[in-house]
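# When you get a sec, could you give me coordinates for this:
(3 chains)
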Amino acid sequence: MITLQQLLDQLNDNQREAVSYNDGPSLVIAGAGSGKTRVLTYKIAYLLLSGYHPSSILALTFTNKAAREMKRRVADLVGHDKAKWLWMGTFHSIFSRMLRSEAERIGFTSQFTVYDSSDSRSVLKSIIKEMQLDDKVYKPGMIQSRISFAKNNLITASAYESHGDLLKSDAGGRIPLFSTIYTTYAKQCHQANAMDFDDMLLYTNILLRDFPDVLEEYRQRFQFILVDEYQDTNLAQHIIVKRLAEIHQHIAVVGDDAQSIYSFRGANIANILQFKSHFPDSKLFKLEQNYRSTQNIVAAANSLIKKNKGQIQKNVFSEKGKGIPIQLLTAMTDTEEGYIVAKEISDLYYQEHHPYNEFVILYRTNAQSRNFEEALRKRNIPYRIYGGLSFYQRKEIRDVLAYFRFIINPLDGEALKRCINYPTRGIGDTTMSKVIECANHNQVSLWSVIGDPVFFQLPVNRPTVTKLINFHAMIHALADEMTTLDAYEMAVKIVKTVGISADMTEDLSVENISRRENIQELVSGIHTFCEDKANDGETKISLADFLSEVSLLSDQDMDADDSADDKLTLMTIHAAKGLEFRNVFIVGMEEELFPSSYISSERELEEERRLFYVALTRAEERCFISYARSRFRNGQLNFTNPSRFLSDIDPGLIDLPADFRQPMSTSSFTPKWQKENSVGKQMLFEQSNETTNSIHDIPHAITSTWKKLTPTSAQISNSAEASIQSGGGITVGNKVFHEKFGQGIVISLEQMDGNWKATVDFGSNGLRALLLKYAKLVILE
DNA sequence: GTAAGAAAAATTTTT
DNA sequence: TTTTTCTTAC
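The predicted structure is shown next:
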C-alpha cells in the first residue's frame, strides 16, 4: 500500500499536476513515450486514496490489453482487492455490461449476441441477394462500412430514411436503396437479438437518451470518468462520455492528437482538438518529456509532425543522449530491401549483441512482410509476425463459438447457419434457402421453422424433416443443460455432442491436428476463465458469461507467449502503436505506398504523416528507414520514388546516402485530378470539425465521409469534365466497343491512382468498371 | 456437398 | 504476385 505523498513523488512536475488536478474536466495531451499509462494509473490510484470508491470510477480504453495492463498496474499500487471493483474496460465491454442489464428497455434480452464484422457482412450479403440487387453495385463491404459510419455518427436507420441529403447523395452514388438495406439490416439484427460492434455504442446512446432514470443511475454511479486514447474516439463514444460526465464534470481524458491514426475506423480527431469547446471549464495538461527515445529521434519526429496543420502545440523533448541520426537505406529492388535490412540486423546482433527481440520491422501494409520473411529466413533470424488471421477468426473456432452462441440465443440466425452446416448433417443450401424463405414468409425465426417444419409446411421431403428435427432436438437438449453446467462443462459437452470431436478425431492430416489443438486451446481457455472468475469470488460462471467476454476479444489480447523467446517482430505501423523497441526499421518508404496511394485529401495525407510519426516514435535508440527503387506490386513491377515524408524530416537528423535526391514532391497534397487539369477546385473531402449533441442531427463530419464513400454527382461531373481534356479521347456518353462485353455507353469517368477508369453500361452484360490503360475500348460514336 | 478451377481483387482494422 | 470469392463439374 502506497501513500498519497509517495504516489506523487514518483511523478515529474507535469505528470503530478495532471494526476492531482480534480477541480473539473481535464485533457491530458501525452506526447509519445511521455508516461501516459503511468499518469492514468496514478490518477486512478490517487482518486482511490483520496476517498473515491473503486466502483464509482469508470475507466475506458480501446483494447482489452490496455485495460488489463492498467488494472494490473493500479492493483500494484493499491491492491487487487480494491482494483477489482473498478469499472475498467474497453468501451464495448463496459457498454455491453450496461446494455445487458438494461436490454429489455430497448427490445433485446440480456443474452443478446454480438455480431462480429463477418457476421454482419454475411447478413448484409443475404439481404442484398434477397432484394435481388447487384452485389457489384451494392458491395457488401462498402454497405457495411457505410452503415458503420452512420452508426458511429449516431444516425439510426430511421433517421437515415428521413435525411434528404444522405438519400440524395446515395441516389447520386447509384445506390438509392442503401437506406432500405440499412433499415432491413437493423430490423434483422434486432429480430435475431443481436448487436454488431457499432450497435453497442449506438444503443448505449439511445438508452441514455430515452431513459432518464438509466442516465441518472449511471451518472450517479460513475463519480469519475477517465478515457484513454481520446484521439481515437468517434462521435458515439464522445457523446456517451459527455452525457455521463455532464453533471459532475469529473472527467479526465488522455491522448495524443499527433497519434490519431484510426479515422478510417470512424475516429474523429476533432473530439480531442475541440475538447475545450465540449468542456469549457476544462484544464489542459501537456506531458512533453519523452522517456523513450534519444534526442535525435524525438527531434526528427518533431520536425516531421510540424508539417501538419491543426494540432495542439507541444514541445516534446528528451533528456536522453543525442543518439545516432536516422539511417536511410536505399535498395534497387524490394528483394534487395529485405536483404539489406536483414544484413543490418545481423550486424547489430553479432557485433553489438542486440538480441533479436529488440528489433521491429514496421511496414504500411501486411503484404510487405514477405520479402523480409524470406531474407530473415535465409539468415536464420527468428521472427514473429503480427497480423493475419486471429485465433478467433479461424474456422474451427468460429464453428465452436457458433454453437455456444446458438445455444444461448436461438434467434441468432448467423450462428444457426454455421452450426447446421458443420459437422455435415445432410442439410445444404437448398434446404436452408427454403427454411429462410419459409421463416420470412411466416414472420418467425429460423429456429421455429426447424423445430416444426411440418407445421410451417416447409416444402422438403421426409428425411430432411427428420434431419431438421433432430438438429433442433439436439440443440434444445443442450440448452436445457445450461442451467446445471458451468461454462467449462458446457463447452466440453457441446464439442462432444454436436460431433465436432468425432469429426476431429477422424482425419489425422496436419491441418486437422492444428485445428484440434486450437479447439483444445479454446476449451482450456474457458477453464482458465472459470478459474479466474472463481478466484474473484464469483460463483456459477455460465457459458453466456464467457461468450459475452470472448466476443469482444481480439487476438492481440491473448499473446501471452511473447518476450520469452528471442524473436524479431514484424508488424504494421498501426499494430505498433503503444509499443516501443530499441531498434526500429521503417520499410517501404515510397510514394504510393507510404503515403498510401489510396489517400485522396489533405486530411488523409496528414493522417499518413501521423502514422509515420507513430512509427518513428517507437524507436528507443536506433531508427532505420528503407525504400526500394522498384517493387513488385500485384504481380507487376513498378518503379518507385522515395516518400515525400523523407523531406519532411529535418535533414540534419537523418543520414542520407551520397546519391540521395530529395523527393521532388512537396509535403502538401495535390489531388492528381487537380494536378493534371484545372477542373474542380473545391476540396470535397475536407472533414469538418463540427460535432453535435443530438442523435438525429447529422453531424457535418459524416456528410464528408459520405462523399468519400460515394462520388457525389458533383464529383462525377468534375471527373467527366476533366476527361474531356485528358481522358484519352473518351467522354461520358460515348458509345464504345469492348471485345468481350460488346457495345456499351460510358456512364462515368474518374481517375484512380493516375489511371482513368470508365464505368460502362454494356446493357445485358451489365455495368463494368474498366481501366482505360488495359481495356481496349473503341469509340463508336 | 465437396473439390477443383476460374475470375477478381488487392490499405491500415483497438471492438 | 497472392489471396479470396464465385462457378462448375463430379
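# Look up how far residue A:207 lies from the most centrally placed residue in chain A.
A centroid search over chain A (CA atoms, centre = their mean) returns residue A:265, at 5.6 Å, as the residue closest to the centre. For residue A:265, the distance to residue A:207 equals 23 Å [CB to CB, to the nearest Å]. Just so you know, the C-beta spots here come from the backbone N, C-alpha and C atoms, and that holds for glycine as well.
# One more: residue A:8?
For residue A:8 relative to residue A:207 (CB to CB), the value is 38 Å.
# With neighbour numbers in mind, choose between those two.
Between residue A:8 and residue A:207, residue A:207 has the larger neighbour count (other CB atoms under 10 Å), namely 20 against 15.
# how near is the more buried one to DNA strand B?
Remark: distance between residue A:207 and DNA strand B (CB to the nearest atom of the strand, to the nearest Å) = 17 Å.
# thinking that residue is in contact with residue A:106, fair?
Yes: if you go by CB atoms under 8 Å, residue A:207 and residue A:106 touch, sitting 6.0 Å apart.
# any residues in contact with both of the two?
residue A:99 (CB atoms under 8 Å, 6 or more residues apart in numbering).
# got the residues of the stretch 101-250 of chain A near DNA strand B?
A:117, A:136, A:197, A:198, A:229, A:232 (CB under 7 Å from any atom of the strand).
# count of residues packed around the residue of chain A found nearest DNA strand B?
As assessed by CB to the nearest atom of the strand, DNA strand B sits closest to residue A:428 within chain A, at 1.7 Å. By other CB under 10 Å, the residues close to residue A:428 number 12.
# who's in contact with residue A:233?
Residue A:233 touches A:227, A:241, A:267, A:268, A:271, A:272, counting by CB under 8 Å, 6+ apart.
# I'd like these written out as TSV, with neighbour count and secondary structure added.
Compiled in TSV, those are given as follows (neighbours: other CB atoms under 10 Å; DSSP: H, G, I helix; E, B strand; the rest coil):
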residue	neighbour count	secondary structure
A:227	26	strand
A:241	23	helix
A:267	24	coil
A:268	28	coil
A:271	27	helix
A:272	25	helix
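# Okay, helices next: where are they in the stretch 351-500 of chain A?
A:369-378, A:395-408, A:413-421, A:429-442, A:446-451, A:462-481, A:487-497, A:500-506 (DSSP state H, counting those that start in this stretch).
# Ok, which of the ones you listed comes nearest residue A:42?
Closest to residue A:42 of those, according to CB to CB: helix A:487-497, at 35.3 Å.
# mind listing what's buried in that closest one?
Judged by neighbour count (16 or more other CB atoms under 10 Å), helix A:487-497 contains these buried residues: A:487, A:488, A:490, A:491, A:494, A:495, A:497.
# now swap in stretch A:276-285 and tell me
For stretch A:276-285, by 16+ other CB under 10 Å, it's A:278, A:279, A:282, A:283, A:285.
# Then stretch A:223-243?
For stretch A:223-243, the neighbour count (16+ other CB under 10 Å) marks A:224-243 as buried.
# And for stretch A:122-139?
In terms of neighbour count (16+ other CB under 10 Å), stretch A:122-139 has its buried residues at A:122, A:123, A:124, A:125, A:126, A:127, A:128, A:133, A:138.
# From residue A:617, how far out is the residue lying closest to residue A:291 once chain neighbours are set aside?
Closest residue to residue A:291 apart from its sequence neighbours, by CB to CB, 6 or more residues apart in numbering: residue A:33 at 5.6 Å. Distance, residue A:33 to residue A:617, using CB to CB: 6 Å.
# Specify which residue of those two has the higher count of neighbours.
Between residue A:33 and residue A:617, residue A:617 has the larger neighbour count (other CB under 10 Å), namely 30 against 22.
# how much space is there between the more buried one and residue A:82?
Taking CB to CB, one finds residue A:617 at 33 Å from residue A:82.
# Check residue A:387 too.
With distances taken as CB to CB, residue A:387 is found 37 Å from residue A:82.
# so who does the nearest residue to residue A:457 once chain neighbours are set aside touch?
Spatially, and ignoring its direct neighbours in sequence, residue A:457 is nearest to residue A:438 (7.6 Å; CB to CB, 6+ apart). Counting by CB under 8 Å, 6+ apart, residue A:438 touches A:449, A:456, A:457, A:458.
# contacting residues around the residue nearest to the centre of chain A?
If you count contacts by CB under 8 Å, 6+ apart, residue A:265 has them with residue A:234.
# Over to the one 10 residues further on?
Shown here is residue A:275, whose contacts under the criterion CB under 8 Å, 6+ apart are A:25, A:27, A:230, A:253, A:282.
# Close to DNA strand C as well: tell me which of the buried residues of stretch A:223-243 qualify.
Okay, of the buried residues of stretch A:223-243, nothing touches DNA strand C (CB under 7 Å from any atom of the strand).
# So which of the residues you listed sit within strands?
Here DSSP state E is the test, and those give A:224, A:225, A:226, A:227 as lying in strands.
# Look at residue A:387 and residue A:82 and report which has more neighbours.
residue A:82 (19 against 16).
# The more buried one contacts residue A:54, doesn't it?
Yes: between residue A:82 and residue A:54 there is a contact under CB under 8 Å: 5.1 Å.
# which of the contacts of residue A:438 count as buried?
A:449, A:456, A:458.
# Looking at those, which one is closest to DNA strand C?
residue A:458 (23.4 Å).
# Local confidence estimate at that closest one?
Per-residue confidence (pLDDT) for residue A:458: 88.
# likewise residue A:674?
As predicted, residue A:674 sits at a pLDDT of 39.
# Then the one 3 residues further on?
Model confidence at residue A:677, given as pLDDT, is 33.
# any low-confidence regions in chain A?
The model of chain A has pLDDT under 70 over residues A:507-508, A:555-556, A:558-563, A:664-733, A:736-744, A:747-781.
# How about it: which residue is closest to DNA strand C?
Closest point on chain A to DNA strand C, by CB to the nearest atom of the strand, is residue A:635, at 2.2 Å.
# gap between that residue and residue A:367?
Distance of residue A:635 to residue A:367, given as CB to CB: 11 Å.
# Between the two, tell me which one has more neighbours.
Per other CB under 10 Å, whichever of residue A:635 and residue A:367 has more neighbours is residue A:367, with 13 against 5.
# hang on, the earlier thing: so the residue nearest to residue A:291 makes contact with residue A:293?
Yes: contact criterion CB under 8 Å: residue A:33 and residue A:293 qualify, at 6.0 Å.
# Now list whatever residues contact both of the two.
The contact sets of residue A:33 and residue A:293 overlap at residue A:617 (CB under 8 Å, 6+ apart).
# Quick one: residues contacting residue A:45.
Residue A:45 touches A:2, A:7, A:74, A:77, A:78, counting by CB under 8 Å, 6+ apart.
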